[in-house]
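S.K.: Build me a model:
(one chain, ligands or ions: 2)
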Amino acid sequence: TREALGPQSVVLRGFALPDVPALLPAMQAVVQAAPLRHMVTPGGLAMSVALTNCGPLGWTSDRHGYRYADRDPLSGQPWPPIPVPFLALARAAAQAAGFEGFEPDACLVNRYVPGTRLSLHQDRDERSFAHPIISVSLGIAAVFLFGGLKRADRPARVPLFHGDVVVWGGVDRLRYHGVAPLKPAEHPLLGAQRINFTFRKAG
Ligand code: MD3
Ligand code: FE
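M.R.: Ligands and ions are numbered 1, 2, ... in the order given. Model (predicted):
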């Protein structure tokens, strides 16, 4: 099923479920090469989300700011490649949402445990805002906060479950968004965590 979140954003419920058996081992390989870590914001605080990346570009944060980098700052090595099943899913979801020819060059992997949150923000570190963003939710449920173009706009609360895929683009691309603090829960495959993959064309 699909639920419109905005004029050009849609939740594809369970879209990733057939791919989960391929996604999980591929994710294990990514986190083995580039471990999940808590990055520091320019304000000097560690993020509560743990993250890593795969693909030619990876999103990073440190005291100096947010940016996309072609190497993992922990290892000095290029980020691991985007696994084929990840790419196939991202392309299929973009197409299903009406965005033809999406080719991501960055896949951010976020890990949430109970209590983790992501405060309201805009995604503005990409070179162009013309491309959609695809997100895949796995593991325990989260409440996604979907605001407007101003920080003060009251966000809608959208529950996201294991296997859900969301596609945002066009007029919704710069909307404020975040994730409410995760409630304690256990998922049969992933335990007490939520994993989110976010695909972008960043460069
Ligand atoms: C909506 N991640 O990594 S999904 C992020 O669940 C991020 O981990 C959240 O926000 C998560 O930046 C939310 C991805 C998402 C990404 C970009 C968006 C949602 C968006 C841009 C506009 C509107
Ligand atoms: Fe974001």
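S.K.: for this protein, what spans make up the strands?
M.R.: 2-6, 9-12, 50-54, 58-62, 65-69, 106-112, 118-121, 133-139, 142-146, 156-160, 165-168, 177-179, 194-200 (DSSP state E).
S.K.: and the fifth one, average pLDDT?
M.R.: When pLDDT is averaged along strand 65-69, the result is 97.
S.K.: Adjacent strands (with direction) for it?
M.R.: strand 58-62 (antiparallel) (DSSP bridges).
S.K.: Just want the angle from the strand it pairs with to strand 50-54.
M.R.: 140 degrees (axes from the mean of the first three to the mean of the last three Cα atoms, to 10 degrees).
S.K.: Tell me how far Ser119 lies from Leu89.
M.R.: 27 Å (Cβ to Cβ, to the nearest Å). Yep, even glycine has a C-beta here, placed from its N, CA and C like the rest.
S.K.: Which of the two has more residues huddled nearby?
M.R.: Leu89 (23 against 11; other Cβ atoms under 10 Å).
S.K.: Please name the nearest non-neighbouring residue to the more buried one.
M.R.: Leaving aside its chain neighbours, Leu89 sits nearest to Asp19 (5.2 Å; criterion: Cβ to Cβ, 6 or more residues apart in numbering).
S.K.: Measure how buried the one you found is and give me the count.
M.R.: So Asp19, with other Cβ under 10 Å, has 18 neighbours.
S.K.: Tell me who's in contact with it.
M.R.: Pro85, Ala88, Leu89 (Cβ atoms under 8 Å, 6 or more residues apart in numbering).
S.K.: closest one to Met39 among the strands of the chain?
M.R.: Closest to Met39 of the strands of the chain is strand 58-62 (Cβ to Cβ; 4.2 Å).
S.K.: State the mean pLDDT of stretch 136-145.
M.R.: Mean predicted confidence for stretch 136-145 is 98.
S.K.: Quick check: nearest residue in space to Thr60, chain neighbours excluded?
M.R.: Nearest one to Thr60, counting by Cβ to Cβ, 6+ apart, is Ala69 at 5.0 Å.
S.K.: residues near that neighbour, how many?
M.R.: Applying other Cβ under 10 Å, I find that Ala69 has 14 neighbouring residues.
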